[in-house]
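A.B. asks: no sequence for this one, just the structure:
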């Protein structure tokens, strides 16, 4: 069963324990200065954002049908059956199409590095495949970030909304967005008020390009017949013209 | 000749200045990475090295497949005199696209990765394969010129034997990747501004590539006639301009239908940067199209050239809008290329001009056509330096 993360913004106190745990897990530096940066980057793969008195957590959504993995020309990004979208830096040639394609502006690039890599949260693929929780979920003191199976977390989110309807905005972010994501978000206020993109399509993005790409064999075969046929006709016309010219 | 000398020196000085700045930008790119040589960021990962060097570069080289199709497949032989320059432009264009790609890729040493690490679901993967194969096809299509120069008849005969499947392959590969450059942006429906995002982006990219390929053919004929002091194939170019006007009209009509069906015209009421850029793009496309329908414009070398240039600029405006400016609003940031990005792009364009000139001066790019034409008209004496 695919794994997921449920982030409940109403339970988050903005302590940033998830950020520190994430930095430790990736071996990235973490200090007060970096903690103050409210945006993800190549050296900070998750970030707590402050929106008035509300918080929101940014991390890779690990989409159910990820645009990044579908566009990667070398297959450096893969959707695992476990849920995380993993990245193989050894394959990556740095075209940055994943960054362009991501509807959540998640992938970051090591712009100043001479041998740069793309960086993003991989929902602790290594830890989760060993049966452990993601570093962020383990570190969260309030249960705002919860790690588990996606179906169960969706049910849990619905339960929370049903039990305290007044406290929640009546929707789960990530349930339908871009065909569903592995990170589900609950909020007290409409999602755009905590900085989430609400204009993302409800359909899975890889569909948009696959609709065209799947026509490729048809285009090639039809095109070959058409062009070959036209050449055959025009060439025959030339031959006839030449012969008739000779006769005259 | 002495009258021309200062002008040449002026252009040479500009050329040298461009190459020097490009050289310094190259140093920055190699030793300070993409961060030190571009204004790209996590929010704006693609700049002019993609939108111009690659998306425009590939399109501007479309004359190669367009003319191969016209001359050899549709067998409209009268356009043969402009075929070789078009193939040379295309070949150079693609080589320079690869050079541009080496600058833009974070790991240029892994340029070959898509050839062995497959992902058939990726448009970029398809483009990578098509561009690789088509550059090879163009090389083979250009080889007879080299063989002719050195008088090697046997390899010419060999290439001639595979020429028909080769040409069909070339047209197919071009059809695929010219359209796929548009498909690249199908994945960003909510990011690309609605004046440009369309489910038929691949069709729009394909038709506009054909148009700009024809415009480039006129453009380079005009330039080479000045550079080499040879006659301009005016009747030929004028009739090519007719084709251009029709293709451009078809493109504009599809564009109008697309905007209508997507109910996007209302966006033009907004006073935004995108509205003005769209207006500029449209003006650069509509004005030359209307003008080219007039006989007196088509037969006037200066006006014909101006129209071709406008079509080229309209095309570039469109690609830059799709590839950069149309994505700005949703990115939450502004992108203005760094000087080094512009320096590299200008250096690539300038090198393209220079290398074309060198090759056209050395190999029988234009002479062949003149020979053939002369032979056809059964003239025994020909004057290669006639200025018309």
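C.D. replies: Received the coordinates, thanks. This one's a predicted model, so the numbers in the text were calculated from it and none came from an experiment.
A.B. asks: pLDDT at residue 224, what is it?
C.D. replies: Assuming you mean chain A. For residue A:224, the model assigns a pLDDT of 94.
A.B. asks: my question was about chain B
C.D. replies: 85.
A.B. asks: Pop the domain breakdown of chain A in here.
C.D. replies: A:3-208, A:215-247 (automatic domain parsing).
A.B. asks: Reduced to three states, what does the residue in chain A positioned nearest to chain B come out as?
C.D. replies: Chain A approaches chain B most closely through residue A:94 (2.1 Å), counting by Cβ to the nearest Cβ. Placement of C-beta: from N, CA and C, glycine included. Classification of residue A:94 by DSSP: H, G, I helix; E, B strand; the rest coil places it in coil.
A.B. asks: got a list of what residue 61 touches?
C.D. replies: I went with chain A, as the question did not name one. In this structure, residue A:61 makes contact with A:104, A:106, A:174, A:177-178, A:181-183, judged by Cβ atoms under 8 Å, 6 or more residues apart in numbering or on different chains.
A.B. asks: I was after chain B.
C.D. replies: Counted by Cβ under 8 Å, 6+ apart, residue B:61 has contacts B:89-94, B:97, B:213, B:216.
A.B. asks: let's see 6 Å
C.D. replies: Residue B:61 makes contacts with B:90, B:93-94, as judged by Cβ atoms under 6 Å, 6 or more residues apart in numbering or on different chains.
A.B. asks: Is residue B:114 in contact with residue B:126, as I believe?
C.D. replies: No - using Cβ atoms under 6 Å, residue B:114 makes no contact with residue B:126, being 9.2 Å away.
A.B. asks: Flag every residue of chain A that's near chain B.
C.D. replies: A:67, A:70-75, A:91, A:93-94, A:96-97, A:99-101, A:105, A:108, A:111-114, A:116, A:199-201, A:205, A:208-209, A:212, A:220, A:223, A:227-228, A:230-231, A:234, A:238 (Cβ under 6 Å from any Cβ of the partner chain).
A.B. asks: In helices only, show me those residues.
C.D. replies: Secondary structure from DSSP state H places A:67, A:70-71, A:97, A:99-101, A:208-209, A:212, A:220, A:223, A:227-228, A:230-231, A:234, A:238 of those in helices.
A.B. asks: which among those residues end up buried?
C.D. replies: A:67, A:70-71, A:97, A:99-101, A:208-209, A:212, A:223, A:227, A:231, A:234 (16 or more other Cβ atoms under 10 Å in any protein chain shown).
A.B. asks: Enumerate the residues of the stretch 201-350 of chain B near chain A.
C.D. replies: residue B:202.
A.B. asks: In the stretch 201-350 of chain B, which residue sits nearest chain A?
C.D. replies: For the stretch 201-350 of chain B, Cβ to the nearest Cβ, closest residue to chain A: residue B:202, 5.5 Å.
A.B. asks: Just the buried positions in whichever strand or helix holds that residue, please.
C.D. replies: Taking DSSP states H and E as the definition, residue B:202 sits inside helix B:201-227. By neighbour count on 16+ other Cβ under 10 Å, the buried set for helix B:201-227 is B:201-225.
A.B. asks: Mind listing what's buried along the helix or strand just after it?
C.D. replies: Per DSSP H and E, the first helix or strand lying C-terminal to helix B:201-227 is helix B:234-261. The neighbour-count check on helix B:234-261 (16+ other Cβ under 10 Å) flags B:234, B:236-238, B:240-241, B:243-245, B:247-249, B:251-252, B:254-255, B:258-259 as buried.
A.B. asks: what number of residues lie near residue B:359?
C.D. replies: Close neighbours of residue B:359, defined as other Cβ atoms under 10 Å in any protein chain shown, add up to 17.
A.B. asks: Angles on the backbone of it, please.
C.D. replies: The phi/psi pair for residue B:359 (degrees, to the nearest 10) reads phi -70, psi -40.
A.B. asks: The spatially closest residue to it that is not a sequence neighbour sits in which helix or strand?
C.D. replies: Nearest non-adjacent residue to residue B:359, counting by Cβ to Cβ, 6 or more residues apart in numbering or on different chains: residue B:88, 6.2 Å away. Using DSSP H and E, residue B:88 maps to helix B:83-104.
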